[in-house]
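Novice: Only the shape, not the letters, is given here:
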């Protein structure tokens, strides 16, 4: 009787141990193992975030010196916008050519043709054919040409220059020059019709 009872107790103990092992295994697969996988996933995401942060810091270090050049970039942008404006504003262009002291001669007339569509660096721009008539000495007319090409901010292309009216070889002898050029703009000017138009600049009063 006692031996049977002891054998049964041992069987219960062995069965309990097996059940405990089974419960531990079930707990591992269903509870602990997913947590380990989730922790590994978080660790991987943290490593990726750290890598991206290092990359961004390196990029920021590269951009900081360029930020010091921002005033230069802004000045270049303003210069480019002045060279190629959105509006033709030929009245302002005409005023810029006139001087009260006639240092660049006297602008006596300006003729404007219809806009011509152009392509520049993949962008669409418009060229306005403009003909200027200027009177003055050779020195004054040279100053006008220098002003058109090197001083005034608008982007222009001089296509033809014709001198006439000079009777002697003296520099102070009055002459006339006709300058054909193209003034560029980014938008088609609505004020300029399909046909050519003309405008005569007022002649400044001569000073003694």
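Specialist: Structure's in. What do you need? Predicted, not measured: the structure shown is a model, and the values here were computed from it. Numbering: from 1, shown residues only.
Novice: burial count for residue 60?
Specialist: Applying other CB atoms under 10 Å, we find 10 residues neighbouring residue 60. C-beta here means a position set from N, CA and C on the backbone, and glycine is covered the same way.
Novice: Identify all contacting residues around stretch 115-135.
Specialist: Stretch 115-135 is contacted from outside by 84, 88, 90, 97, 104-114, 140-141, 144, 156-157, 165, 174-189, 192, 196, using CB atoms under 8 Å, 6 or more residues apart in numbering.
Novice: same thing but 7 Å
Specialist: Stretch 115-135 is contacted by residues 84, 88, 105-113, 141, 144, 174, 176-186, 188-189, 192 when judged by CB atoms under 7 Å, 6 or more residues apart in numbering.
Novice: quick one: average pLDDT of it?
Specialist: Per-residue pLDDT over stretch 115-135 has a mean of 87.
Novice: Among the contacts of stretch 115-135, which ones are in strands?
Specialist: Counted as lying in strands by DSSP state E, out of those, are 106-112, 176-185.
Novice: Among the residues you listed, name the buried ones.
Specialist: The neighbour count (16 or more other CB atoms under 10 Å) marks 106-107, 110-112, 176-177, 179-185 as buried among these.
Novice: pull the helix or strand with minimum mean pLDDT from this structure.
Specialist: None of the helices or strands of the chain scores lower by mean pLDDT, DSSP states H and E than strand 197-199, at a mean of 42.
Novice: what's the farthest-apart pair in the buried ones among the ones in strands among the contacts of stretch 115-135?
Specialist: The span of these, defined through CB to CB, is set by 176 and 185 at 27.7 Å.
Novice: Over to residue 55. Which of the three states is it?
Specialist: Following DSSP: H, G, I helix; E, B strand; the rest coil, we place residue 55 in the helix state.
Novice: okay, now it: neighbour count?
Specialist: The tally of other residues near residue 55 (other CB under 10 Å) stands at 10.
Novice: what residues are up against it?
Specialist: No contacts exist for residue 55 under CB under 7 Å, 6+ apart.
Novice: Quick check: it vs residue 75, distance?
Specialist: Here residue 55 is placed at a distance of 32 Å from residue 75 (CB to CB, to the nearest Å).
Novice: is residue 164 in a bridge, and if so with what?
Specialist: Here residue 164 shows beta-bridge partners residue 176, assigned using DSSP bridges.
Novice: looking at it, it is touching residue 176, isn't it?
Specialist: Yes. The pair residue 164 / residue 176 is scored as a contact, 5.4 Å apart, by CB atoms under 7 Å.
Novice: Poorly predicted segments of this protein, please.
Specialist: Low-confidence segments of the chain (pLDDT under 70): 1-42, 44, 67, 70, 73-74, 76-77, 79-80, 82, 165-172, 189-208.
Novice: what about 50?
Specialist: Filtered on pLDDT under 50, the chain yields the residue ranges 191-208.
Novice: any idea where the helices of the chain begin and end?
Specialist: Assigned by DSSP state H, the chain shows helices spanning 2-27, 33-68, 70-83, 90-97, 138-146.
Novice: Next one: residue 71 from residue 108, what distance?
Specialist: 41 Å.
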